[in-house]
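Visitor: Turn this into a model:
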Amino acid sequence: MNSLIESEKIKRNKRIYDAKDEALIQEGGYVSPISTLWDDILVGIVLKKPVLLKGPSGSGKTRLSQSISHFFNQPMHSVNCSVDLDAESLLGFKTIISKNGETHIEFVEGPVIEAMKKGHILYIDEINMAKPETLPILHSVLDHRRMMTNPFTGEVIHAHDDFTVIAAINEGYIGTSPMNEALKNRFLSYSIPYLSGEQLKELMEKLFPNAEQSLVQTMLNISADLQKQVMNGLLDEEAASIRSILDALSLSEHMPILRAVQYAIAEKLDDPIERSLVMELCETWVK
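Guide: Next up, the predicted model:
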């Protein structure tokens, strides 16, 4: 392992958290389809660069982020973006509380400010689902300044040395919009492809140690076919989701494969022609 990464891991793993923050430390388990990808992403994080993970739904972006939290033994706050995301969702909000018979206005810190102050990981999922006018509030957080002035309180916040930002993006999906160039340029960008072949087999065997080898091989064949049809433009990317193929394998231990694939993969697709194609591909591998 890169010595830069190793020394940073040792430093971060020495930190002690209270029970509330420790509960935010995630489980690992991500398997990289590219041998250098994991270390390359960790180098960016150690250098305090915001990291952008690009890839289709189900390629493992969230699991990768959770694995980084596990690797550094570092709590992770998650923000799920949507058109309804606003500054209060990111930074926090004011509320009225009663204490000792008196009424006070108190500011409840949101995930961005809490992660900055405590040196946690901030994971921003589907960042291109947010309205473009919402995210510029993070520009000074994401560049070399690593600070911001809280617009609700006037407090100037400088990020803890361990503060880390990871964002994920599904490009070209309905409801998304291109990232503002000023925002995109603040990130290091990594493409996260689907897992396949021997690596996918190892993951299946690790997650489902009691599954018969013939079942695992059938699911590998189905997965490879689905990915091929996605590349040919005949299926939506969602059809080749690794998350979905693992769900199908899980169901297949308790029901026929065709029904498992139908529930875990085919029924998620909006186009009836694509649903039929998935089932036809599946039928070629089920004896």
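Visitor: any idea of the mean pLDDT in stretch 83-101?
Guide: For stretch 83-101, mean pLDDT rounds to 88.
Visitor: Return the distance of it from the chain's centre.
Guide: Centroid displacement of stretch 83-101 relative to its chain, using CA atoms, centre = their mean, to the nearest Å, is 26 Å.
Visitor: Quick one: end-to-end distance for it.
Guide: Its start and end residues considered, stretch 83-101 measures 39 Å (CA to CA, to the nearest Å).
Visitor: Pull out the buried residues from that stretch.
Guide: Neighbour-count burial for stretch 83-101 flags Leu85, Ala87, Ser89, Leu90, Leu91, Gly92 (criterion: 16 or more other CB atoms under 10 Å). Every C-beta, even on glycine, is put in place using the N, C-alpha and C of the backbone.
Visitor: Can you tell me what sits against that stretch?
Guide: 79, 103-113, 129-131, 134, 137-138, 150-152, 175 (CB atoms under 8 Å, 6 or more residues apart in numbering).
Visitor: now stretch 68-80
Guide: Contacts of stretch 68-80 (CB under 8 Å, 6+ apart): 8-9, 12-13, 15, 17, 21-29, 41-42, 45, 65-66, 85, 89-90, 111-112, 114-115, 118-126, 162, 164, 166.
Visitor: and with 6 Å instead?
Guide: Here stretch 68-80 makes contact (CB atoms under 6 Å, 6 or more residues apart in numbering) with 12-13, 21, 24-28, 111, 115, 120-125.
Visitor: can I have stretch 49-57 written out in PDB, keeping just the CAs?
Guide: These are the backbone C-alpha positions of stretch 49-57, laid out as PDB (Å, rounded to 0.1, in the frame of the first residue of the first chain):
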ATOM      1  CA  LYS A  49      -9.300  16.800  -2.500                       C
ATOM      2  CA  PRO A  50     -13.100  16.400  -2.800                       C
ATOM      3  CA  VAL A  51     -13.800  13.100  -4.700                       C
ATOM      4  CA  LEU A  52     -16.500  12.600  -7.300                       C
ATOM      5  CA  LEU A  53     -17.500   9.100  -8.100                       C
ATOM      6  CA  LYS A  54     -19.200   8.700 -11.600                       C
ATOM      7  CA  GLY A  55     -20.900   5.500 -12.600                       C
ATOM      8  CA  PRO A  56     -24.200   3.800 -13.400                       C
ATOM      9  CA  SER A  57     -26.700   2.900 -10.700                       C
END
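Visitor: And the strands in the stretch 151-287 of the chain, which stretches?
Guide: 156-158, 164-169, 188-191 (DSSP state E, counting those that start in this stretch).
Visitor: just those: most buried one?
Guide: strand 164-169 (a mean of 26; mean count of other CB atoms under 10 Å).
Visitor: strands paired with it, and their directions?
Guide: Strand 164-169 pairs in its sheet with strand 51-54 (parallel), strand 121-125 (parallel), by DSSP bridges.
Visitor: Which is the succeeding secondary structure element to the shortest one?
Guide: It stands for strand 51-54. Going down the chain from strand 51-54, the next helix or strand is helix 61-72, by DSSP states H and E.
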